[in-house]
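S.K.: Build the 3D model from these lines:
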Amino acid sequence: VRCGTGNDLSSQSTTALYSSHLASHPIMSIAMSSMSKQPEKYENDLEENLTTQSPPPNDFSNHALTIAWRKCTYVWSTLLLIFAMTVTLYGIGKQWNNPPWSQTNSHPVLEIGFFFFMCTWIGLLEGAQISLVGLQGINLELYKDS
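M.R.: The predicted structure follows:
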């Protein structure tokens, strides 16, 4: 094979020899066969999914037992929250807590206020962290002027 002569026959035979050598390798034969396939269908092809989509499974969100269970969870979670806040605030009021400062010079109302401030602060930080993690894949430049 001579290089640079423009002999198309020799360059074609070299290419055929090279591709037949690659096709004999197991990994390359898989890669080469996948390149010759038809384009794959994706889940995001709307027109295709509309015609082949199966019916949704049974939805029990409006069933009477589901609604009753949801209302019961609202009630007992609210009662549990009231109980937990009562026990916590009673403990702070009786100065059974263990703050990093001396309790002889502080009033329990100040410590309860500090408790609510810290709970609010932690809630804001957690919300900011969740929004940072959840919005990583979103292009925020699209919404900067809205």
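
S.K.: Helix or strand next in line after the helix ranked longest in the chain, which one?
M.R.: Using DSSP state H to define each element, the chain has its longest helix at helix 64-93. Once the chain leaves helix 64-93, the next helix or strand it forms, by DSSP states H and E, is helix 108-134.

S.K.: Can you give me the buried ones in that following helix?
M.R.: Pro108, Glu111, Phe115 (16 or more other C-beta atoms under 10 Å). The C-beta positions use only the backbone N, C-alpha and C, and glycine is treated the same way.

S.K.: any chance of those in TSV, with pLDDT and distance to Ser77 too?
M.R.: Listed next are those as TSV, based on pLDDT from 0 to 100; distance: C-beta to C-beta, whole Å:
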residue	pLDDT	distance to Ser77
Pro108	91	27
Glu111	91	26
Phe115	94	21
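
S.K.: Can you add distance to Tyr143 and give those back as JSON lines?
M.R.: Conversion of the buried residues of helix 108-134 to JSON lines gives the following (distance: C-beta to C-beta, whole Å):
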{"residue": "Pro108", "distance to Tyr143": "45"}
{"residue": "Glu111", "distance to Tyr143": "41"}
{"residue": "Phe115", "distance to Tyr143": "36"}
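
S.K.: and which of those residues is nearest to Pro99?
M.R.: Closest to Pro99 out of the buried residues of helix 108-134 is Glu111 (6.4 Å), distances taken as C-beta to C-beta.

S.K.: which residue packs closest to that closest one, ignoring adjacent ones?
M.R.: What sits nearest to Glu111 in space, not counting adjacent residues and going by C-beta to C-beta, 6 or more residues apart in numbering, is Ile92, at 5.3 Å.
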